[in-house]
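Peer 1: Curious how this folds, go ahead:
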Amino acid sequence: MKTGKPKKTVDDNYLIEQIKSKSCNDSLLELISRHSGICFSIGKKFLASHPVHLNELSDNKDWIIYSSAISFNQDMGSKFSTWLANNVKYFCLNLKNKVSKYVNSEQDLLEFLINKNNTEVKESNSNKSEIINAITDLLDKFKDENVKNAIYYRYLSNKNRILNYAEVASILNVTPQTALNWHNKFINLAKKKLTSLNNSTII
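Peer 2: A predicted model of the protein is given here:
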């Protein structure tokens, strides 16, 4: 039986079902082909004066479409294009508000995680040194090499930028979703560490 790209007459909902149930690469490629224009159109609207951020949107376009497909619920009554557009807008606004996309050392990574995941710590630097030391210890002692590799390649392997999940997945020879899961496993443990320290209880 021949395989190839899904026919264009197949609707978005069918493609999304295939991506969710079978991780169908052909369906994902078709969805990306159909909706890349939306990403670029919205990106030009929100990031016209930020060419660096436009490049970052371009780098993450496939991932945005993939993650939007995974999180899309057709029972909500909206079209996938509407859901995707909202996600792209959110991504663009985050880019505009982001202080820096560069992470050049382990300490930069830890600062990035602190600022991204714990508002209370971000607003108070009184125990930041203690937090950095604690999360450094967490990273050093993390037993899951897959998780450590996902963190390393995303934040530390490139001195100019943070790699997107598709790039990390390609390096580690896994799916983008797997790379995201490994990344989030560390983030969740880091959050627990931050919460514990912020309550003055050392793990």
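Peer 1: which residue ranges form the strands in the chain?
Peer 2: Counting by DSSP state E, no segments of the chain form strands.
Peer 1: Kindly state the domain boundaries assigned to it.
Peer 2: With domains defined by automatic domain parsing, the chain comprises 12-97, 106-198.
Peer 1: send the alpha carbons of stretch 78-90 over as PDB?
Peer 2: Written as PDB, here are the backbone C-alpha positions of stretch 78-90 (Å, rounded to 0.1, in the frame of the first residue of the first chain):
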ATOM      1  CA  SER A  78     -13.800  26.500  17.100                       C
ATOM      2  CA  LYS A  79     -11.600  25.800  14.000                       C
ATOM      3  CA  PHE A  80      -8.100  24.700  14.400                       C
ATOM      4  CA  SER A  81      -6.900  27.800  12.500                       C
ATOM      5  CA  THR A  82      -8.500  30.000  15.200                       C
ATOM      6  CA  TRP A  83      -6.800  27.900  18.000                       C
ATOM      7  CA  LEU A  84      -3.500  28.100  16.200                       C
ATOM      8  CA  ALA A  85      -3.700  31.800  15.600                       C
ATOM      9  CA  ASN A  86      -4.300  32.400  19.400                       C
ATOM     10  CA  ASN A  87      -1.300  30.300  20.200                       C
ATOM     11  CA  VAL A  88       0.900  32.100  17.700                       C
ATOM     12  CA  LYS A  89      -0.200  35.500  19.100                       C
ATOM     13  CA  TYR A  90       0.600  34.300  22.600                       C
END
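Peer 1: measure Ile19 to Glu167 for me?
Peer 2: Ile19 sits 19 Å away from Glu167, taking C-beta to C-beta, to the nearest Å as the criterion. C-betas here are computed from N, CA, C, even on glycine.
Peer 1: typo on my end, it should be Leu139
Peer 2: From Leu139 over to Glu167 the distance is 20 Å, taken as C-beta to C-beta.
Peer 1: Including mean neighbour count and mean pLDDT, could the domains of the chain go into CSV?
Peer 2: Conversion of those to CSV gives the following (neighbours: other C-beta atoms under 10 Å; pLDDT from 0 to 100):
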stretch, mean neighbour count, mean pLDDT
domain 12-97, 16, 86
domain 106-198, 16, 76
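Peer 1: How about the contacts made by the spatially most central residue of the chain?
Peer 2: Geometric centre of the chain, nearest residue: Tyr165, 5.9 Å, by C-alpha atoms, centre = their mean. By C-beta atoms under 8 Å, 6 or more residues apart in numbering, the contact set of Tyr165 is 63, 154, 176, 179-180, 183.
Peer 1: Tell me which entries of those residues lie within helices.
Peer 2: 63, 176, 179-180, 183 (DSSP state H).
Peer 1: wait, which of these is closest to Ile131?
Peer 2: Closest to Ile131 out of the ones in helices among the contacts of Tyr165 is His183 (19.3 Å), distances taken as C-beta to C-beta.
Peer 1: For the residue lying closest to the closest one once chain neighbours are set aside, which residues are in contact?
Peer 2: Spatially, and ignoring its direct neighbours in sequence, His183 is nearest to Ala150 (4.9 Å; C-beta to C-beta, 6 or more residues apart in numbering). By C-beta under 8 Å, 6+ apart, Ala150 lies in contact with 168, 172, 179, 182-183, 186.
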